[in-house]
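>>> coordinates only, no sequence provided:
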């Protein structure tokens, strides 16, 4: 893809499509960071690894369901991935974070970094260090605009990613504002002691928050596996840090913030890669993190008085 | 503790028996026993540091009492031991609700949502632990509608219905206090523990609170335990008063009897302490007076006179 004089609009459109796709995946992962931060005020640095495990489950799942029709296989893989990663998320909280609750602030943070390294190495040992390819499953697409020989295309997979992300984000928003579980989450976020006295099982609510975050990350993992077609044990780190950047940009602790932040990071990365240099796209994303932390640490939607971790 | 049993024939709602709570060397609650009845307001009063809030904390799972038991009778006649529950089990299994001395609403949730959190157990079951809630199934919708209706009933009772959709943190202080009580009632307790509900209220708000508590006692048929410093509230609405001082129960009975009890008056006015204080002041005043008179050699007659007087007084007492 190269930038040509005559195809300005088509080229721009293509970057937009790519950016939104990438951004929705970052948004899904960022939601896990922001929800966990909201409820217990810690950054779960192992969340990227949960996403990586979701991607590996997708690889295994697609191999397992090779003979099954595509739509059914996709559904089965999604269910398998959410179950497995949900379990990992629950275990992670139970084993590494709950025993440290009430300890000094840095303790769970250090535990998170430890768990991140542990999960990476564990997957490396169990699955090997080599890149795992996944043959493309959803092919084809729509041509949006052809200009001077440059065609802006949106693939069916990209449409799939967008729709699924939108659906999940809508479901999550409804869950938090319209269901009893969401109210419990918000109650725990604001006053755990009082929530407990009203009968809310705070520990279980926190566990389920981890599980919810892990489920969203799992879906992101499955989608990315399909999108890029390659998975290795180290993808969780970069995706995790970028999603974390997205969560900080949107305002950590804020659900709409994570969605918007993810979208912005995806767009920034896509446009940077499209107009400047592919090699520097990570630098662009992390520069945003530094700039946000310096000039607006509470992010776009964040409440400024937050003083945690 | 035979005097603890009131003359009513009904078995007591709450039986606190030989409750003690020790923190290291401090015995915060020392062998306290009392009963509370259904449909009555039982006030726990006493000077600061008497152990009132500690009793509440023992009843609501915050502290595990060093010894003693707190038995609560439920409406089906079964009896539960409150000291065995964690604080998150107190609401559902113990059916006890409480408020704190300071306002502890969920400030960034709406007034209505605050009351819905208190009913979440029923909603969770109706929503199949959220799965049905996400898809907004009819069962969950019905349960939600019921919960909202119940919440509105209590909002009306505390005169906050028009503000149902405002954020709780935006309400004026007095309204926040009333909302806390409504939220506690929404959790469907048989025993409601209110820790200084009148603290920080102006006289007219405090009057409203009195009316509210009277109404709750009559309509809800629950037992109310009340810690309160505002004597106009305590004397006006309590059916039964328990007086604590330095962790022990020093008196118990109907308001008039308690108000007339010399030990209560002593504890409140601090007879012994105030005497000691006077002596201490006298002595130190005397010493100071002497010092001053020694320093002022050129004899301020009044000064030395005063110092003598003070010294005398100190010696006398």
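Right, received. Where do you want to start? Bear in mind the structure is a predicted one, so any value in this text is a computation, not a measurement.

>>> show me what counts as buried in the host helix or strand of residue B:141.
Here residue B:141 sits within helix B:138-157, counting by DSSP states H and E. Across helix B:138-157, burial judged by 16 or more other Cβ atoms under 10 Å in any protein chain shown covers B:140, B:143, B:144, B:147, B:148, B:150, B:151, B:154, B:155, B:157. For every residue, glycine as well, the C-beta is placed using N, CA and C.

>>> and those residues near chain A, which?
Restricting these to those near chain A by Cβ under 8 Å from any Cβ of the partner chain leaves residue B:140.

>>> report the two of the buried residues of helix B:138-157 separated the most.
Maximum pairwise distance in the buried residues of helix B:138-157, criterion Cβ to Cβ, is 26.0 Å, between B:140 and B:157.

>>> now the strands for the stretch 1-150 of chain A?
A:132-133, A:141-147, A:150-155 (DSSP state E, counting those that start in this stretch).

>>> pLDDT (mean, whole number) over the second one?
This means strand A:141-147. For strand A:141-147, the mean per-residue pLDDT is 82.

>>> can you name the residues in contact with it?
Residues from elsewhere that reach strand A:141-147 (Cβ atoms under 8 Å, 6 or more residues apart in numbering or on different chains): A:6-11, A:13, A:17, A:151-159.

>>> at 7 Å instead, please
A:6, A:7, A:9, A:10, A:13, A:151, A:152, A:153, A:154, A:155, A:156 (Cβ atoms under 7 Å, 6 or more residues apart in numbering or on different chains).

>>> what's the angle from that strand to strand A:150-155?
160 degrees (axes from the mean of the first three to the mean of the last three Cα atoms, to 10 degrees).

>>> what residues does the stretch 151-300 of chain B put near chain A?
residue B:187 (Cβ under 7 Å from any Cβ of the partner chain).

>>> let me see the contact set for whichever residue of the stretch 151-300 of chain B sits closest to chain A.
Closest to chain A within the stretch 151-300 of chain B is residue B:187: 5.4 Å, counting by Cβ to the nearest Cβ. The contact partners of residue B:187, taken as Cβ under 7 Å, 6+ apart, are A:198, A:199, B:91, B:97, B:118.

>>> follow-up on the earlier one: which among the contacts of strand A:141-147 gets closest to chain B?
Closest approach between the contacts of strand A:141-147 and chain B, by Cβ to the nearest Cβ: residue A:156, at 26.7 Å.

>>> compute the number of surrounding residues for that closest one.
12 (other Cβ atoms under 10 Å in any protein chain shown).

>>> all strands for chain B, in order.
For chain B, the strands defined by DSSP state E cover B:14-23, B:26-36, B:41-45, B:67-73, B:79-81, B:96-98, B:191-195, B:223-227, B:240-245, B:248-253.

>>> ditto for the stretch 201-309 of chain A
Going by DSSP E, counting those that start in this stretch, the stretch 201-309 of chain A shows strands at A:230-231.

>>> residue numbers of it in contact with chain B?
Residues of the stretch 201-309 of chain A lying near chain B (Cβ under 7 Å from any Cβ): A:201, A:202.

>>> quick check, the residue in the stretch 201-309 of chain A closest to chain B?
Minimum separation of the stretch 201-309 of chain A from chain B (Cβ to the nearest Cβ) falls at residue A:201, amounting to 5.3 Å.

>>> not counting its neighbours along the chain, what's nearest that residue?
Spatially, and ignoring its direct neighbours in sequence, residue A:201 is nearest to residue B:88 (5.3 Å; Cβ to Cβ, 6 or more residues apart in numbering or on different chains).

>>> what separation do you get for residue B:175 and residue B:201?
11 Å (Cβ to Cβ, to the nearest Å).

>>> which phi and psi does the residue lying closest to the residue of the stretch 151-300 of chain B closest to chain A once chain neighbours are set aside have?
Once flanking residues are discounted, residue B:187 sits nearest to residue B:118: 4.2 Å by Cβ to Cβ, 6+ apart. Backbone geometry at residue B:118, expressed as degrees, to the nearest 10, gives phi -70, psi -20.

>>> gap between residue B:118 and residue A:184?
From residue B:118 to residue A:184 the distance is 11 Å (Cβ to Cβ).

>>> before we move on, what about residue B:32?
For residue B:32 relative to residue A:184 (Cβ to Cβ), the value is 35 Å.

>>> need the helices for chain B, in chain order.
Using DSSP state H, the helices of chain B run over B:52-59, B:87-89, B:111-117, B:120-126, B:131-134, B:138-157, B:173-186, B:203-220, B:231-237, B:255-260, B:262-269, B:271-295, B:301-316.

>>> dihedrals phi and psi, the residue of the stretch 201-309 of chain A closest to chain B?
Dihedral angles (degrees, to the nearest 10) for residue A:201: phi -80, psi 100.

>>> phi and psi next, for residue A:67.
Per degrees, to the nearest 10, the backbone of residue A:67 is at phi -90, psi -10.

>>> list the contacts for residue A:25?
A:161, A:220, A:223, A:224.

>>> ok, for the second one, nearest residue in space, not its chain neighbours?
When the adjacent residues along the chain are set aside, residue A:220 lies closest to residue A:28, with 4.0 Å between them (Cβ to Cβ, 6+ apart).

>>> which helix is the longest one in chain A?
Max-length helix for chain A by DSSP H is helix A:8-40.

>>> can you name the residue of the stretch 1-150 of chain A nearest to chain B?
Closest point on the stretch 1-150 of chain A to chain B, by Cβ to the nearest Cβ, is residue A:38, at 11.1 Å.

>>> could you count how many residues lie near that residue?
22.

>>> ditto for residue A:28
Around residue A:28 there are 31 residues (other Cβ under 10 Å).

>>> quick one: contacts for it?
Counting by Cβ under 7 Å, 6+ apart, residue A:28 touches A:165, A:168, A:216, A:217, A:219, A:220.

>>> next, give phi and psi for the nearest residue to residue A:74 once chain neighbours are set aside.
Nearest residue to residue A:74 in three dimensions, chain neighbours excluded: residue A:137, at 7.3 Å (Cβ to Cβ, 6+ apart). Backbone torsions for residue A:137, taken as degrees, to the nearest 10, come to phi -100, psi -40.

>>> so who does residue A:137 touch?
A:62, A:70, A:226.

>>> does the last one touch residue A:156 like I think?
No: counting by Cβ atoms under 7 Å, residue A:226 sits too far from residue A:156 to count as a contact (10.6 Å).

>>> ok, and the closest non-adjacent residue to the residue of the stretch 1-150 of chain A closest to chain B?
Counting by Cβ to Cβ, 6+ apart, the residue nearest residue A:38 is residue A:253, at 4.3 Å.

>>> doesn't residue A:300 make contact with that neighbour?
No: taking contacts as Cβ under 7 Å, residue A:253 lies outside contact range of residue A:300: 11.9 Å.

>>> between those two, which is the more surrounded one?
residue A:253 (24 against 16).

>>> flag the shaky bits of chain A, pLDDT-wise.
A:1-5, A:304-309 (pLDDT under 70).

>>> show me where it has helices.
A:8-40, A:47-64, A:70-92, A:106-127, A:156-178, A:180-190, A:192-197, A:202-228, A:235-250, A:255-275, A:281-295.

>>> so which of those helices gets nearest residue B:13?
Short answer: helix A:192-197, nearest of those by Cβ to Cβ, at 19.1 Å.

>>> how about the closest one: buried residues?
For helix A:192-197, by 16+ other Cβ under 10 Å, it's A:192, A:194, A:195, A:196, A:197.

>>> among those, which are within reach of chain B?
With Cβ under 7 Å from any Cβ as the criterion, the buried residues of helix A:192-197 include A:194, A:195, A:196, A:197 near chain B.

>>> many thanks, I have nothing further to ask.
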